[in-house]
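Visitor: everything below, folded, please.
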Amino acid sequence: HVQLAESGGGSVQAGGSLRLSCAASGDTFNTAPVAWFRQVPGKEREFVAATSWRGGNTHYAASVKGRFTVSKDNDKNMMTLQMNSLKPDDTAVYYCAVRTSYSSPSYFYGDYDYWGHGTQVTVSS
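Guide: Numbering: from 1, shown residues only. Sure, this is the predicted structure:
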């Protein structure tokens, strides 16, 4: 079982930066691939970024590639999402997720087993 808690959301102007953190508890986090998703009202949860269980193999949605960086620190039971050059279209609730049922990350939200509560990111123009 894994429990996740995000922090670091907030409001920022376009072009600014935010860093989201997700603290994990549970003994399977260190061997699990992890991801960040985001969701706006009325739309399906959208893949943002993912990394392998060691944190060395990363994947990004085309819309954020080059601006966002995902990382995982197994020693600290933590995952982060550094978001730079933010745009109004990045406004959403951001969720961290852990996939314990398989050894590779996935782009599909249904493949993840544990979720954080979400943190709001608002980017104004």
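
Visitor: burial measure for residue 48, as a count.
Guide: Applying other Cβ atoms under 10 Å, we find 25 other residues in the vicinity of residue 48. C-beta here means a position set from N, CA and C on the backbone, and glycine is covered the same way.

Visitor: three-state assignment of it?
Guide: strand (DSSP: H, G, I helix; E, B strand; the rest coil).

Visitor: now it: closest residue in space that isn't a chain neighbour?
Guide: Closest residue to residue 48 apart from its sequence neighbours, by Cβ to Cβ, 6 or more residues apart in numbering: residue 36 at 4.4 Å.

Visitor: how about residue 122?
Guide: For residue 122, ignoring the flanking residues on the chain, the nearest one in space by Cβ to Cβ, 6+ apart is residue 11 at 4.4 Å.

Visitor: please tell me how far residue 65 sits from residue 100.
Guide: From residue 65 across to residue 100, the span is 26 Å (Cβ to Cβ, to the nearest Å).

Visitor: could you check which of these two is surrounded by more residues?
Guide: With neighbours defined as other Cβ under 10 Å, residue 65 and residue 100 compare such that residue 100 has more, 17 against 11.
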